[in-house]
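Peer 1: The following comprises the amino acid sequence and a computationally predicted model.
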Amino acid sequence: MKTFNIFQKKIRPITILFMLSPLVTVAQTTYQLSQTASNSVKVTGTSNVHDWSMTSKQFESTGTFNFNARGEMTDVTALKFTLAAKSLKSGKSAMDGRTYKTLNATEFPKISYQLTFATVTMVQAKRYSIQTTGILTIAGKTQSLSMKVMALVNADGSISCHGSEKLMLTDYGIEPPSFMLGAMKVGNNLVVQFEFDYVKTSVAK
């Protein structure tokens, strides 16, 4: 009887682990941006004259997403993003030129982001809320940034992400610019909106 009890004690933790195994992360999947027109970054702001916006479709991003055996996203362990500052366009060349000068885009041609931490929460089947913390660099100035990203895992395995976050120009050492000989003054607050579609590049088990 003693031998049987010892055997039970040894086998029970193994059984529990086996029962929980569907919840354990079994694959890390590397993704990159797809070549679709839906990928975009939009920056909106205000001025004393009218609201304005600039959009870019020229950027690069890769990420590593973790999934368990049931195909549920459990974590995002890496993500990086790079955008060419001069790819932001307003549709008005004068405003674009002034913006690039304000961003010192010649000396700092790239705007970049590096994820440092993420918490994934399933909100419904295939849909997730990802609370992220990362490092954003604009015009050579780096700041920590926390934001919420919404993600959908599509039937083909691709991942659609979208979100928005408020920024302040002065947090990045940027003086809000003015246009038309000072008649138009841009506000300090911006909103960055993004839509990204990621596709698989490789899987490591």
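Peer 2: Great, that's in hand.
Peer 1: pull the CA atoms of stretch 120-129 into PDB?
Peer 2: The C-alpha trace of stretch 120-129 is given here as PDB (Å, rounded to 0.1, in the frame of the first residue of the first chain):
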ATOM      1  CA  VAL A 120      -2.200  39.800 -23.800                       C
ATOM      2  CA  THR A 121      -5.900  39.400 -22.800                       C
ATOM      3  CA  MET A 122      -8.400  37.500 -24.900                       C
ATOM      4  CA  VAL A 123     -11.600  39.600 -25.200                       C
ATOM      5  CA  GLN A 124     -13.400  37.000 -27.300                       C
ATOM      6  CA  ALA A 125     -12.500  34.200 -29.700                       C
ATOM      7  CA  LYS A 126      -9.600  35.300 -31.900                       C
ATOM      8  CA  ARG A 127      -9.700  38.900 -30.600                       C
ATOM      9  CA  TYR A 128      -7.200  40.200 -28.100                       C
ATOM     10  CA  SER A 129      -6.400  43.400 -26.100                       C
END
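Peer 1: What residues sit buried inside that stretch?
Peer 2: Within stretch 120-129, the residues that count as buried by 16 or more other Cβ atoms under 10 Å are 120, 128. In this view, the C-beta of every residue, glycine as well, is placed from N, C-alpha and C.
Peer 1: ok, now stretch 143-163?
Peer 2: Going by neighbour count (16+ other Cβ under 10 Å), the buried part of stretch 143-163 is 145, 147, 149, 151, 153, 159-161, 163.
Peer 1: Return the list of helices and strands in contact with the biggest strand by length in the chain.
Peer 2: Longest strand in the chain, counting residues (DSSP state E): strand 184-204. Packing partners of strand 184-204 (3 or more Cβ pairs under 8 Å, 6 or more residues apart in numbering; DSSP states H and E): strand 25-33, strand 40-47, strand 59-68, strand 159-168, strand 178-179.
Peer 1: To Thr102, which of the ones you listed lies closest?
Peer 2: Closest approach to Thr102 among the helices and strands packed on strand 184-204 is made by strand 178-179 (9.6 Å; Cβ to Cβ).
Peer 1: Met147 and Leu167, how far apart?
Peer 2: Separation of Met147 from Leu167 (Cβ to Cβ, to the nearest Å) stands at 10 Å.
Peer 1: Correction: the previous question concerned Gln28.
Peer 2: Distance from Gln28 to Leu167, counting by Cβ to Cβ: 31 Å.
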